[in-house]
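J.: Dropping the sequence and predicted coords here.
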Amino acid sequence: PDMAGGTGVRVVGGSDRGLYSTLTALKTSRLWVLNDFLSVFEALDARRRAAAEERVRFADPEATSEAVLQLQQAVREQKGREEQVQRRKQQLLAMEQACDDPDQVGHIKVLMQEVEEAEAELEE
């Protein structure tokens, strides 16, 4: 028994026709196996492309998460509150300077002290 071209397949009879048929059958089976792998490779390539597109989409500098939007909203609200406190403080100072009534001035000073305490709490 001969070995068919180092393939490990024994050829009985040793005829060239039998060897040709055996090698053709082996080549055909290898092509079928490779053909089966093509669909696997195509699926893997599609997944790889989808993952790459997903990474690109998340790397978009214009894209922001919900947390960033909430943070920006909170910063705007905080800034608005701080501006409102400043306006009230200025109003109280103006009222204190415009008023001659000692009770009214005392009440305004108490309100200003409360504003300062509230600001100190916010800073902590």
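T.: Perfect, I can see it now. The structure displayed is predicted, hence computed values, not measured ones. Numbering: from 1, shown residues only.
J.: Please go through the chain and pick out the longest helix.
T.: Longest helix in the chain, counting residues (DSSP state H): helix 16-58.
J.: The following helix or strand past that helix: how far from the chain's middle?
T.: Downstream of helix 16-58, the next assigned helix or strand under DSSP states H and E is helix 66-98. Taking the mean of its C-alpha atoms, helix 66-98 sits 33 Å from the chain's own mean (C-alpha atoms, centre = their mean, to the nearest Å).
J.: Of all the residues in helix 66-98, which ones are buried?
T.: Within helix 66-98, the residues that count as buried by 16 or more other C-beta atoms under 10 Å are 92, 96. The way it works is simple: take the backbone N, C-alpha and C, and place the C-beta from them, glycine included.
J.: Remind me what the very next helix or strand once past that helix packs against, helices and strands.
T.: Moving toward the C-terminus from helix 66-98, the next helix or strand (DSSP H and E) is helix 102-123. Under the contact definition 3 or more C-beta pairs under 8 Å, 6 or more residues apart in numbering; DSSP states H and E, helix 102-123 sits against helix 66-98.
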